[in-house]
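Chemist: How does the following fold in three dimensions:
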Amino acid sequence: MSDGISLQPLESSQTLQDRIYEVLRKAILEFDVYGDNVDRRLDERSIARQLGISRTPLREALIRLENEAIVEIRARKGIFVKRRKLQEVVELVTVWAALESMAARLACACASDQQISELRQIGTSYSQQDARLYINEYSDVNIRFHRKVLKLSNCSMLQKIGNDLFSHLEPVRRHAMRDARRADRSVVDHTNIVDAIEAREPDRADRLVRQHTLRLGEYIRQNWDHA
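Modeler: Next comes the predicted model:
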């Protein structure tokens with residue numbers, strides 16, 4: 001795992017423990033934990049050296065990440081980035097489909113024209129060809145798009161639950177987006193979703209978002225044998 005993430009020394013603008021937690025959490029969520037033959041073990045000494053810190057505050061941050069089910073601390077074995085089993089991943093996707101489809105429905109009534117315009121800018125910023133050529137960058141855009149749909153619901157409780165859940169789905173979406181076929185479909189689906197929200201058609205927006213996400217679940221079922 002020490003070869004899988006790259007960390008910069010911390011600044012002192014926040015409390016040290018909070019900065020350690022935030023930097024490490026971001027690096028882990030961007031790590032391809034669902035890749036083949038990936039080393040999921042976290043090397044405390046290497047991480048502490050990269051961040052320029054002692055291991056005591058690092059361990060406190062790791063405990064916070066364990067409480068969020070982002071890492072696993074195994075007695076006498078070490079600390080590992082958590083990789084969920086196939087059925088767990090599919091269930092996470094299914095729950096997300098329900099939350100985001102409701103967010104899209106609410107967005108039709110609650111989102112301002114400006115907010116919808118911002119969603120369109122995100123959703124149409126890459127063509128299918130560009131998405132394939134710059135897949136890592138597009139993966140970031142894809143995540144921004146789905147988080148933006150959630151925000152447009154203007155429902156704070158839905159956003160809180162959804163953001164907590166989406167943290168566990170980020171590595172899943174990043175890994176799935178490595179397949180160019182997924183990127184092609186994503187670009188088309190995003191445009192259709194924005195069209196439905198902009199037209200203030202909640203039934204269509206709900207259906208398109210739900211189908212889009214459930215296709216991810218079906219893709220995982222058919223193509224992943226190591227989750």
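
Chemist: If we ignore the residues flanking it in sequence, what's nearest the most centrally placed residue in the chain?
Modeler: Geometric centre of the chain, nearest residue: residue 170, 1.9 Å, by C-alpha atoms, centre = their mean. In space, and not counting its chain neighbours, residue 170 is closest to residue 29: 4.7 Å by C-beta to C-beta, 6 or more residues apart in numbering. For every residue, glycine as well, the C-beta is placed using N, CA and C.

Chemist: coming back round to it: so which strand or helix has the residue nearest to the centre of the chain?
Modeler: Here residue 170, judged by DSSP states H and E, is contained in helix 156-176.

Chemist: Check residue 87 too.
Modeler: helix 86-110.

Chemist: if we can go back for a sec, which residues sit in contact with the residue nearest to the centre of the chain?
Modeler: 29-30, 143 (C-beta atoms under 8 Å, 6 or more residues apart in numbering).

Chemist: before we move on, what about residue 101?
Modeler: Residue 101 is in contact with 205-207, 209-210, 213, counting by C-beta under 8 Å, 6+ apart.

Chemist: Which single one of these is nearest to residue 102?
Modeler: Nearest to residue 102 among the contacts of residue 101: residue 206, at 7.2 Å, using C-beta to C-beta.

Chemist: Which pLDDT value goes with the closest one?
Modeler: Note for residue 206: predicted pLDDT of 98.
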